[in-house]
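1. Have a look; sequence and predicted model below, questions after that.
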Amino acid sequence: MNEESFASDRRLPCGQRVGALIGYHLDGVPPEFEEHLRDCPHCRAELAEISRRWRPVRRLARSHAVASNDLVDRTLTTLRGLRDRHGGQPLELSQEHGKLLIQAAATLSLTRRLSAEVLDDFSGMAVRSCLMADEAVRVDLVAAYPTAAHELLAEIRRRLVAALHGYLGAGTPDVSVRLADVVPPWDGTGEETDSPPIG
Amino acid sequence: MTDGVDADRQLDERVRDDSALLMAARNGDTSAFDSLVRTHTGKLYRVALRIVGDPAEAEDAVQDAWVSAWRSLATFRGDSAASTWLYRVVTNAALSQVRKRRPTVPLDPTDESMTPVGNTGNPEGTALREEETRRVHAAISRLEPSQRLPLVLRELEGMNYEEVAEVLEVNVTALRSRLHRARLALLAELKEVP
């Protein structure tokens, strides 16, 4: 069996098309084919292989996918920031030569992109989220153990503010950078990795 | 049988509740919207994770989805179920996340946010399942978005054809065609998954 064998229009010796068997396996067998599928060795062998290959998908469908504990809180904080501070209206930022209007979502998107660029120089750290909180843009980071993340936060913030200033000038909003989580190293060896996993 | 009827009734009530909350939010009730966030963030995260294949990107997609939903409340007219509307918003946000992808965090096979069912405490078995989960996610992430979305909604979320078609705003015939191609492609990708 190989991937070419899953060509939809391939016919088994009994005349059944493989594409139809896949549909029967995943959507149910029409009553008129039940007897044939029960008795035909070609169909049974093909269905067994389809079932074997599809088993991991079924297991994934039953698996749990749990977000970070604070995802709801972060989302609500972001939403409240949008409603209360800006009401969906653009941020009005003071510039050397006047005012700059920028959507809050654009500020967050820019901050997230620049944060990722800054972290290119800091092995073992990654951006978890950017959100509006407490009159500032808050950047949450995750670090792979044993990165000395706390010692790096001030420098990361300095570089991020400088990068934002390049786009927003004097209107750059207040920025806070914090370590949200520490996770095991990627390869399990205790060595630093370039891209830590998120816990 | 009674259990099934009760379950159906509870589901109907839940659908009506969610739609009522969305309509209330549309009329300015922020607490109604916050209630939806608390109730549905977990489900939206699961969908996003299965589309983007990465926990951090999935969380970003969920946050973007809620912001987008808030801004788009005026477009919710109650013609479709609230859950359908929210699925549509999060699939769009997840797709957008995929398109602007900048790899900052890889898919993590040890991530506890993707815990396989049937964890028996056997470390070797758990590791194998985690590896399997990672490989299936990776295989799904290689599908074209037009195939990936229907596959996630139908095969992983368990939605029926009509529901998926409504979320993706395609007709059922087109959906069946896309899903069939997605299944073929995934079966080919999964030939080496034990």
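-> Right, received. Where do you want to start?
2. most centrally placed residue in chain B?
-> B:Val47 (1.9 Å; Cα atoms, centre = their mean).
3. who's in contact with that one?
-> B:Tyr87, B:Val90, B:Thr91, B:Ala94, B:Val152, B:Leu153, B:Glu157 (Cβ atoms under 8 Å, 6 or more residues apart in numbering or on different chains). For every residue, glycine as well, the C-beta is placed using N, CA and C.
4. repeat that with 7 Å
-> Residues counted as contacts of B:Val47 (Cβ atoms under 7 Å, 6 or more residues apart in numbering or on different chains) are B:Tyr87, B:Val90, B:Thr91, B:Val152, B:Glu157.
5. Give me the buried positions along the helix or strand hosting the second one.
-> For B:Val90, the host element (DSSP states H and E) is helix B:82-99. Across helix B:82-99, burial judged by 16 or more other Cβ atoms under 10 Å in any protein chain shown covers B:82-98.
6. returning to what we had before: and the contacts of B:Val47, which is closest to chain A?
-> Using Cβ to the nearest Cβ, B:Glu157 comes nearest to chain A of the contacts of B:Val47, at 7.9 Å.
7. for the helix holding B:Val90, what is the average pLDDT?
-> In this model, helix B:82-99 has an average pLDDT of 92.
8. can I get the CA coordinates of that helix in PDB?
-> Below are the C-alpha coordinates for helix B:82-99, written out as PDB (Å, rounded to 0.1, in the frame of the first residue of the first chain):
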ATOM      1  CA  ALA B  82     -23.900  31.900  17.300                       C
ATOM      2  CA  SER B  83     -21.600  28.900  17.400                       C
ATOM      3  CA  THR B  84     -21.500  28.900  13.500                       C
ATOM      4  CA  TRP B  85     -20.700  32.600  13.500                       C
ATOM      5  CA  LEU B  86     -17.900  32.100  16.100                       C
ATOM      6  CA  TYR B  87     -16.500  29.100  14.200                       C
ATOM      7  CA  ARG B  88     -16.400  31.300  11.100                       C
ATOM      8  CA  VAL B  89     -14.600  34.100  12.900                       C
ATOM      9  CA  VAL B  90     -12.000  31.800  14.500                       C
ATOM     10  CA  THR B  91     -11.300  29.800  11.300                       C
ATOM     11  CA  ASN B  92     -10.700  33.200   9.500                       C
ATOM     12  CA  ALA B  93      -8.400  34.300  12.300                       C
ATOM     13  CA  ALA B  94      -6.500  31.000  12.200                       C
ATOM     14  CA  LEU B  95      -6.100  31.200   8.500                       C
ATOM     15  CA  SER B  96      -4.900  34.700   8.800                       C
ATOM     16  CA  GLN B  97      -2.400  33.500  11.400                       C
ATOM     17  CA  VAL B  98      -1.100  30.900   9.000                       C
ATOM     18  CA  ARG B  99      -0.700  33.400   6.200                       C
END
